[in-house]
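Student: sequence below, structure please.
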Amino acid sequence: MNNVIEIKDLKHCFADKIVLDNISFSVGKGEIFGLLGPSGAGKTTLIHILTGQLKATGGSSSILGVPSENMTGEHYKQIGIMMDNLGLYERMNCYDNLKFYQMLDNNTDKNIDALLDNVGLSDAKKR
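Tutor: Here you go, the predicted structure:
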């Protein structure tokens, strides 16, 4: 596998607004790659699709040969992303940050301990 990221003819719409329109590119092993663009350009949407957090309207994407929609905790352990705004409160530990956002989203059906374990961050719970 020469390319670790493959995106082909990727499309996404929110209602009738086209956010991504036939995006295609690949990132080879060892390459450093960044997404740059103004607010609203579709960078976050692309990342969410690539990491399996959002389903694309069309096209395909994969990381390490795994289709984005099939990503599991084991796959997430092999990748890393650095966003410009982490959305974390530095005075709170990992668990408390997740608990805070869980409360904001009124989403208490997810077990934070299990989520941390799924992505290999159980030992970071109180850091």
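
Student: now the helices for the protein?
Tutor: Along the chain, counting by DSSP state H, helices occupy 43-50, 73-76, 94-104, 112-118.

Student: pick the most buried one from those.
Tutor: helix 43-50 (a mean of 19; mean count of other CB atoms under 10 Å). Quick note: C-beta positions are derived from backbone N, CA and C, even for glycine.

Student: run through who's touching that helix.
Tutor: Outside helix 43-50, the residues that touch it by CB atoms under 8 Å, 6 or more residues apart in numbering are 5, 7, 10, 12, 19-20, 23, 35-37, 54-56, 61, 63, 68, 81, 83.

Student: what of stretch 54-62?
Tutor: By CB under 8 Å, 6+ apart, stretch 54-62 touches 5-13, 20, 22-24, 45, 48-50, 67-69.

Student: run the chain-centre distance for it.
Tutor: 13 Å (CA atoms, centre = their mean, to the nearest Å).

Student: please save the CA atoms from that stretch in PDB.
Tutor: Provided in PDB are the C-alpha atoms of stretch 54-62 (Å, rounded to 0.1, in the frame of the first residue of the first chain):
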ATOM      1  CA  LEU A  54     -20.100  11.200   8.900                       C
ATOM      2  CA  LYS A  55     -21.400   9.300   5.800                       C
ATOM      3  CA  ALA A  56     -20.600  10.800   2.500                       C
ATOM      4  CA  THR A  57     -23.300  11.600  -0.100                       C
ATOM      5  CA  GLY A  58     -21.200  10.000  -2.800                       C
ATOM      6  CA  GLY A  59     -17.700   8.800  -3.700                       C
ATOM      7  CA  SER A  60     -15.300   6.900  -1.500                       C
ATOM      8  CA  SER A  61     -12.600   7.400   1.100                       C
ATOM      9  CA  SER A  62     -10.200   5.100   3.000                       C
END
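
Student: done for today, thanks.
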